[in-house]
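1. Make a model of this:
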Amino acid sequence: ATHRHTTYLRQLPPKPSLHIHHCHQIPITHIDSLAASRARAHSTTMQQITARRGCTSLHQQLKAQFLVAPFAKAIPGKRQRVVSSVTRRQFSASLLGSCVLGASSLSLNRSVAMATAVSEYEKVLDDPRWPAKWPFRDMDFRRYDEMPDTAFYSSPRFVYHIDEGAVNALTRYYGQVFPPSGKQDVAILDICSSWVSHYPEGYKAGRVAGLGMNEAELARNPQLTEFVVRDLNTDPKLPFEDASFDVITNCVSVDYLNKPLEVFQEMHRCLKPGGTAIMSFSNRCFPTKAIALWTQTGDADHIWIVGSYFHYSVPGGFTEPKCKDISPKKGGDPMYVVYASKAA
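-> Numbers count the residues shown, from 1 in each chain. Down below sits the predicted model:
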């Protein structure tokens, strides 16, 4: 279906020389049974599609698997840059040719499956069975576009990057887990921040710091008491003192971090003992800037991946990561939270 003010972007596979086989490193037992059954159905369907469309090479088959995904929605009633609209089928055909035509029906099946059993995603981290060693390789954190992020984010984007239902769900979640509003001894840090943090309206704390890529966006954020412009992909060190924040949030940006272990180590350093880090994400992204590990895996995998960042960054330093599926019950963008606290 086509939605107004939505651009659907192809989740680009890495260049042919960067073929990833990390999926074999994540045991199927780490993925819920619903995701596993969808993966088998998806594999069978894609084999039929690629055979019917004459896609014979490995790279062609990889391209056929990457369905078009939405990445940003304009906010109704506000002046801003309006994102153009194209259909999934049109955009797929224009970029990939006839190889992917007919594949769009897979997303509908996925949506129906999610609507019937979304709570299964919360079970992914119940028994993650972490490998003894960090299971990913350097190339898993490469991006299709390795140009400097400062150029990509140089122009402000005053848009929501998830739909309104997902925004509201995240705001409600923050309202449930944040320290009470108005406490002057509370400090919160929003990393990869923007012009909006999706915190509850009117929420106040003694310190609300933001760290992001675009100064104009950060300056527009009414909930920040201070902000810093910093590219964590070139300098993952957080410019804050030790044990200074009660909560650290990251909204729909964990998929862009190419040095996640370093960033999570820094979050651990900056959290007060018992403080909590909250990573939230959906299935939207700028696909050329998301890491290869993210663009080649699905929602359940993403939960496991973010959980692994907590687990491996500071062994024993975080509580065991947990997942909360806060996806709106009436459909729309899925929304997940993976969180852990600094060991007291």
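2. Which positions within stretch 335-344 qualify as buried?
-> By 16 or more other Cβ atoms under 10 Å, the buried positions in stretch 335-344 come out as 335, 336, 337, 338, 339, 340, 341, 342. The way it works is simple: take the backbone N, C-alpha and C, and place the C-beta from them, glycine included.
3. just checking, the fifth one touches residue 281?
-> No - when contacts are counted by Cβ atoms under 8 Å, residue 339 is not listed as touching residue 281 (11.8 Å).
4. Any regions of the stretch 101-250 of the chain where pLDDT drops low?
-> Low-confidence segments of the stretch 101-250 of the chain, defined by pLDDT under 70, span residues 101-118.
5. Measure how buried residue 229 is and give me the count.
-> For residue 229, the neighbour count with other Cβ atoms under 10 Å is 15.
6. shouldn't it be in contact with residue 210?
-> No - look at residue 229 against residue 210 with Cβ under 8 Å: they stay out of range, at 9.6 Å.
7. Common neighbours of the two, please.
-> Jointly contacting residue 229 and residue 210 under the rule Cβ atoms under 8 Å, 6 or more residues apart in numbering are residue 218.
8. For residue 158, what are phi and psi?
-> Residue 158 adopts backbone torsions of phi -90, psi 70, taken as degrees, to the nearest 10.
9. what's the burial count for it?
-> For residue 158, the count of nearby residues is 17 (other Cβ under 10 Å).
10. correct me, but it touches residue 217?
-> Yes - contact criterion Cβ under 8 Å: residue 158 and residue 217 qualify, at 7.1 Å.
11. so what's in contact with these two at the same time?
-> Common neighbours of residue 158 and residue 217, using Cβ under 8 Å, 6+ apart, are residue 195.
12. CA atoms only for stretch 156-176, dumped as PDB, please.
-> Provided in PDB are the C-alpha atoms of stretch 156-176 (Å, rounded to 0.1, in the frame of the first residue of the first chain):
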ATOM      1  CA  PRO A 156      18.200  19.200   9.300                       C
ATOM      2  CA  ARG A 157      15.300  16.700   9.000                       C
ATOM      3  CA  PHE A 158      12.300  18.000  11.000                       C
ATOM      4  CA  VAL A 159      10.300  14.800  10.500                       C
ATOM      5  CA  TYR A 160       9.300  11.700  12.500                       C
ATOM      6  CA  HIS A 161      11.300   8.600  11.600                       C
ATOM      7  CA  ILE A 162       8.500   6.300  12.900                       C
ATOM      8  CA  ASP A 163       4.800   6.700  12.500                       C
ATOM      9  CA  GLU A 164       2.600   8.400  15.000                       C
ATOM     10  CA  GLY A 165       1.400   5.200  16.600                       C
ATOM     11  CA  ALA A 166       5.000   4.100  17.300                       C
ATOM     12  CA  VAL A 167       5.800   7.600  18.600                       C
ATOM     13  CA  ASN A 168       2.900   7.500  21.000                       C
ATOM     14  CA  ALA A 169       3.800   4.000  22.200                       C
ATOM     15  CA  LEU A 170       7.400   5.000  22.900                       C
ATOM     16  CA  THR A 171       6.300   8.200  24.800                       C
ATOM     17  CA  ARG A 172       3.900   6.100  26.900                       C
ATOM     18  CA  TYR A 173       6.700   3.700  27.700                       C
ATOM     19  CA  TYR A 174       9.100   6.500  28.700                       C
ATOM     20  CA  GLY A 175       6.300   7.800  31.000                       C
ATOM     21  CA  GLN A 176       6.100   4.400  32.700                       C
END
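13. Show me what residue 207 is bridged to.
-> residue 187 (DSSP bridges).
14. From residue 187, how far off is it?
-> Distance of residue 207 to residue 187, computed by Cβ to Cβ, to the nearest Å: 4 Å.
15. so what sits against both of the two?
-> Common contacts of residue 207 and residue 187, defined by Cβ under 8 Å, 6+ apart, comprise residue 245.
16. ok, residues contacting the one helix or strand residue 340 maps to?
-> In the assignment (DSSP states H and E), residue 340 maps to strand 336-341. Strand 336-341 is contacted from outside by 121, 125, 170, 173, 177, 271, 274-282, 299, 302-303, 306-307, 310, 318-327, using Cβ under 8 Å, 6+ apart.
17. before we move on, the earlier item: comparing residue 207 and residue 187, which residue is more hemmed in?
-> Counted by other Cβ under 10 Å, residue 207 and residue 187 do not tie: residue 187 has more neighbours, with 23 against 17.
18. Just the buried positions in stretch 192-206, please.
-> Neighbour-count burial for stretch 192-206, counted by 16+ other Cβ under 10 Å, picks out 192, 193, 194, 195, 196, 197, 198, 199, 203, 205.
19. Quick check: the nearest residue to the second one once chain neighbours are set aside vs residue 231, distance?
-> If the residues on either side of it in the chain are set aside, residue 193 comes closest to residue 210, at 3.6 Å by Cβ to Cβ, 6 or more residues apart in numbering. Separation of residue 210 from residue 231 (Cβ to Cβ) stands at 14 Å.
20. ok, now residue 184?
-> Going from residue 184 to residue 231 by Cβ to Cβ gives 31 Å.
21. The two: which has the busier surroundings?
-> Neighbours per residue, other Cβ under 10 Å: of residue 184 and residue 231, the larger number sits with residue 231, 14 against 9.
22. Can you name the residues that contact that one?
-> Counting by Cβ under 8 Å, 6+ apart, residue 231 makes contact with 148, 149, 150, 213.
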